[in-house]
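Asks: here you go, sequence then predicted model.
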Amino acid sequence: MPVPLGGPLKWKTDSANIMAKITIDGNTHDVADGTLILEVALEQGIDIPTFCYMARLEPLASCRMCLVEIEGQGKLQPSCATPVADGMVVRTDTSLVADTRQSMLELLLANHPLDCPVCDKSGECELQDQVFEYGAGEARFHDQKRVFYSKDIDLNPVIIFNAQRCIQCQRCVRICEEVVGAVALGTAEKGMDTKVTGFENSLAGCDHCGNCIEVCPVGALMSTPYRYKARPWDNKETDTICPYCGTGCHLSISVRDGQLSRVRSKYETGVNGETLCVKGRFGIDFIDGDNRLRTPLVRKEGALVGVSWEEAAAFIADRAEGAVEKGGLGAGGLASPRLNNESLYLFQKLMRTAFRTNSIDSSSRFSAADPKAYQSLEGLFGGLYARRSLHQVLEADCILILGATVTDETPVTEYMVRGAVRSRGNKLFIASARPSRLDSEAISSLRFVPGAEAYLLSALLNGIEGAGKTFANIGALKKSLRKAAKTPPPEFGEFLEKAGTALGAASTVTLLIGADLLRSPGAAAALSMARGLGRVLEALGKRAEVQFLFDRPNQMGAWELGGLPGLLPGWRPVGDAAARATFEEAWGTSLPADYGADFRRMLERSEAGGLDVLYVAGGDPLLSYPDGNLVESALIKTGLLIVQDAFMTGTAHLADVVLPAATFAEEAGTFTNNEGKVQELRPIRRPAFESKPNAEIFALVAEALGRDLGPVSADAVFDEIARLVPSYRGLSSNGLGDDGSYSRPFAEGNGGDLDDPPLALPRRTKGLELVTGDSMFHSGYLSGNSQILGELSAEAYVEMNPDDAAGLELADGAGVVVRSSQGEMEARLKLNKRFPGGVVYVPENFADARLNRLLKHGEYPCPVEVLRG
Amino acid sequence: MFEKVLLKNAEKPDVHGIEAYEAAGGYQALAKVVREFSPDDLIQLVKDSNLKGRGGAGFPTGVKWGFVPKDSDKPKYLCCNADESEPGTFKDRVIMEGDPHMMLEGMALASYAIGAEVAYLYIRGEYVLCIERLETALDEAYGKGYLGRDILGSGFNLDIHMHVGAGAYICGEETAMLESIEGRRGEPKLKPPFPAVAGLYECPTVINNVETLACVPHIVTRGAEWFRGIGPEKSPGPKLYCLSGHVQKPGVYELPMGISLRELVDDHAGGARPGHKIKAVIPGGVSAPMIPESGLDVSMDFESLTAIDTMLGSAGVIVLDDGDCIVRVAKNINEFFHEESCGKCTPCREGLDWTDKILHRLEAGEGRQGDLEQLDFLCGSIFGNSFCALGDGAAWALKAAITQFRDEFVQHVEEGRCPYH
């Protein structure tokens, strides 16, 4: 019987070189000294039952199911906690071992309620399975069973607890503490009264990630949304990839009768293993959200009315005709980095070949739009970017996280960082605007206002011993660096000193860059300095690697596959005739050579009356793009606004034609995650209502405009990508494997000149400055369509430091108005004593708040006042 | 007449103050050691004395100290286990109430030997008078320069922190005690790593019992030879025995290690109540299997008791006579372990709940056919399989009662009542 254990050795490092000979059940094996007996047995296909062991958790050895005989030892020993030693002789197949397993099961069943007929876990319960495999056929215990509560306890809206069924393996408590870091669960009382619970039977500080439910071997911790919904065998389960952030977690989505029943994570697969975050585990219910589009809509006499696909296509053909003739800047397209690779590739193909424009963008939230930023990005992706597993990247001696609130934006990545730091003792440094739980794992954390990243990196670089000698190797950097950052501000002192020392001592360094950095107007300089730091470390003989911590599932794919105004797929400039020729030949048409407009310029053009067509595929710029008022006015003035989405978004309400698209879960394709790994999305069902896969819609629109995009099946498009885009060369649609395949760096070399580092920090305003980003419970506006996430976090809030609030005479929970030069919004105040002074945070996820009306293009953070509401 | 060592002061009234202790030669050992001994000298001396741990396990103290890595740059800690909670055991209490400085001096010496500058005193919360006396004693010792910075001008520093337990028996288990000091749930931890390598706050740590530490000043003052000359060769030294139960003169007796159990019970503690005969004796706290009257000629030392399948343990000697119902005794003892099981491992948590239910029924006259076989099965399932010694001790003691007095158990089932009550 296969016991899910977390994938043998998956979380272990291969540091042990000394080998030991161990004999298990008569066969001798050479294994790394220090490996646990249980792990060796699993590798050898010998089944040892256990409840408390999980590869990722510290051994507990409490369930006593895995006891084995070791020659020379008077007592049976727990194989889950006993490392092998050379010459050890182990037996797992004796009658004593079998009797002991049977006894432990009999003891566990003595007080177990045996209410399997009404238990959600029945059918996939590890206790059931093990009793079936190893248990006695009958029960001898006939006394009164222990009863904790007559009713199950709702620990919170998504987790419900039945204490009677608990077998005290403590997996839930340990995963909450060791992996998630929330420490929301604990153990109260002792002996038979021992129960897993949170403070006062609630779960204060709980992430609602449900990892405790996932690892519960029995039906003690259960998912409230899944409760009584299905038996395991009623579910049709499909493995796919999470649509929320760039970590790229594997999801196993179960559907019963076409409706979502639950989302699980599997021990065996994915970067995430058995873990997920609250968004991934509970936020997928958006696929059945109330706001799903049912049919194509076309604006007739001012109102959007439902039409057939044919009519919608004809409408587009009719209205877009003029724009297509003109080409160039008269048309533009914005694609969401939540679309899969194949859709993104087809979208730019459609825009370039049918609309004859290079005005394509996929970064609507970022101010990185200036071409320089993309050059810097290209420089990073070209060489330093580590296209390999995050687990490996996190083995670096020194990890520097810059501009990311990892706990909120990419939670499962956060678990991995925590695990790496705790198990390996490597040195973690965090420089970010917002505090997070991960700070407690760091050697030093620095709070700074976005915009200072480039300065910080140059100061850091300057502080590395020996860096000065290598400056000559990187040309332009030399002089400026010496001038820069001579006297860093005092609040940077400790961080710079400690991080500088650690970087100097490390032989491997990983730099993880978050989305926050990309919002700032200084993004280009910061990325350039990141590259500079990497190059200097390399020149000092260290291995330096970079990965992004994108909060979107396919940001990397969007950029690499041509979702940018100046670049063809594979980061090749549109002005490069040879690059164009490759695609012209493949696509059988000429391509525009002029640099296109980014989304900002598209809006400006529209505002001036010069944008005939805007095609928005996914995303909701009306709610998310800075200068909310300008966005609204520009969208209204656009000649033909085409919105393609699964939901009736704010932008869709302004559209002339709305095309209902499949969600990530209803179409085939691939995402490229932050590791540069290409992973397969598998449809869990056909698209809801009359919606269609994004690729098919693009083909339909192309056809209406007289173009043929060629075969649009996910396989065919992927193979075209693999043929034409260097970083995907060699991959094939049917050879990605269950765990995905890595894309490759597309170019070697140092990516050109480095920018001069900034000589001073950006000047700060006297008042408060607003930062934004994803909260723990939301991701962009997608999560707003999840009913469960909506219940867990229903409205916007303003987070700030209690001292700042006291100065403004504002109390926790008070209604406040946040006002910028552009506009204002209302929300409740949430005080956080770990929050830095002078900074306020409002999550970017709430449609009603219209945060983007406060934000101004090119300005981040945003100066604001906070007033009593 | 045996010359009392550990109780030489304690049995006199009002000698717990530092003046009385100093007047009786107290803190001379510390003064001698910090002036004349290297830490290794002291470890060697204690090794030579063959002092064995008085907490129950009987591990050689000098050897334990020697396990602390010399080359570690981590701080080292000494923890004094004063969480005396084994039923029938009250010897450490007598030292802490009557002569607290003797233990503190022992702690200072042990800390010096292992290189600790911080020591913890983990004390049972119910020992209110001990806690009061120790608080005073600590103040006095700091005041006189026996604790704190630069002790007696030697450059040796030591701070002792007292940590008062909250009533869990399991916290007397050394790793659970470390967890408790760290502010975590009191549950035993996996060994290895052993505390000597990675104990408190993952630093090298030595845990010694109160009585063990109290022996150390005397070894320093009078020498290893003197100590080894008391009692049997393999477990020498003076020993405190706690006599309780149905015996005429219960109390704490200081006698040499290795005294015969019969002599201890009959001669020193006055024997059985008038008109009663001894039925059995528990030699070392309730975790130790009981010995029937016929076996009382055993020598009270670690090796001799182990040889007859019981243990010296905490030397908590509980005497049962012919008026005592063994089923009721077993039920009471098992009830204690059931209550005190931490709940971590399956056999101890679930097994003791099951034995508890059966024993309650037996004593209430509701025994069933098969109950004894279930008790046999449960003792076998718990013993050897539990995470720490708590489950083992509970099952071991119960199994002995059932084996040696099976007739009484059978009688309870067959008669459907307790013949004694």
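Replies: Right, received. Where do you want to start?

Asks: for whatever residue of chain B ends up closest to chain A, give me phi and psi.
Replies: Chain A sits closest to B:G343 of chain B, with a gap of 3.3 Å, by Cβ to the nearest Cβ. For the C-beta atoms, the positions are set from N, CA and C on the backbone; glycine is no exception. Per-residue torsions, B:G343: phi 100, psi 0 (degrees, to the nearest 10).

Asks: not counting its neighbours along the chain, what's nearest it?
Replies: A:T194 (3.3 Å; Cβ to Cβ, 6 or more residues apart in numbering or on different chains).

Asks: the residue of chain B closest to chain A: neighbour count?
Replies: Residue crowding around B:G343 was assessed by other Cβ atoms under 10 Å in any protein chain shown; the count is 23.

Asks: quick check, it in contact with A:A188.
Replies: No. Counting by Cβ atoms under 8 Å, B:G343 does not reach A:A188; the two are 10.1 Å apart.

Asks: now for these two: what residues contact both?
Replies: Residues within reach of B:G343 and of A:A188 at once, by Cβ atoms under 8 Å, 6 or more residues apart in numbering or on different chains, are A:T194.

Asks: one step back: let me see the contact set for the residue of chain B closest to chain A.
Replies: Applying Cβ under 8 Å, 6+ apart, the residues near B:G343 are A:Q168, A:T187, A:E189, A:K190, A:G191, A:M192, A:D193, A:T194, B:E187, B:R349.

Asks: buried only: go through the residues you listed for me.
Replies: A:Q168, A:T187, A:K190, A:G191, A:M192, A:T194, B:E187, B:R349 (16 or more other Cβ atoms under 10 Å in any protein chain shown).

Asks: got the residue ranges for the strands in the stretch 151-300 of chain B?
Replies: In the stretch 151-300 of chain B, the strands defined using DSSP state E, counting those that start in this stretch lie at B:159-164, B:205-209, B:238-245, B:251-256, B:278-282, B:291-292.

Asks: winner for burial among those?
Replies: strand B:205-209 (a mean of 26; mean count of other Cβ atoms under 10 Å in any protein chain shown).

Asks: average model confidence for that one?
Replies: Averaged across strand B:205-209, pLDDT comes to 98.

Asks: same check, this time on stretch B:226-238
Replies: 96.

Asks: cool, and stretch A:605-618?
Replies: Stretch A:605-618 comes out at a mean pLDDT of 96.

Asks: next, the distance between the ends of that stretch.
Replies: The straight-line separation of the ends of stretch A:605-618 (Cα to Cα, to the nearest Å) is 21 Å.

Asks: and what of stretch B:184-198?
Replies: Note: stretch B:184-198 ends 16 Å apart using Cα to Cα.

Asks: same check on stretch A:760-779?
Replies: OK, stretch A:760-779 end separation, Cα to Cα: 33 Å.

Asks: what about it, distance to the chain center?
Replies: The chain centre lies 21 Å from the centre of stretch A:760-779; the measure is Cα atoms, centre = their mean, to the nearest Å.

Asks: again, but for stretch A:668-676
Replies: That offset, for stretch A:668-676, works out to 11 Å (Cα atoms, centre = their mean).

Asks: same question for it, mean pLDDT?
Replies: 97.

Asks: let's have the buried ones among the contacts of B:G343 in JSON lines, adding secondary structure.
Replies: Output for these, formatted as JSON lines (DSSP: H, G, I helix; E, B strand; the rest coil):
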{"residue": "A:Q168", "secondary structure": "coil"}
{"residue": "A:T187", "secondary structure": "strand"}
{"residue": "A:K190", "secondary structure": "coil"}
{"residue": "A:G191", "secondary structure": "helix"}
{"residue": "A:M192", "secondary structure": "helix"}
{"residue": "A:T194", "secondary structure": "coil"}
{"residue": "B:E187", "secondary structure": "coil"}
{"residue": "B:R349", "secondary structure": "helix"}
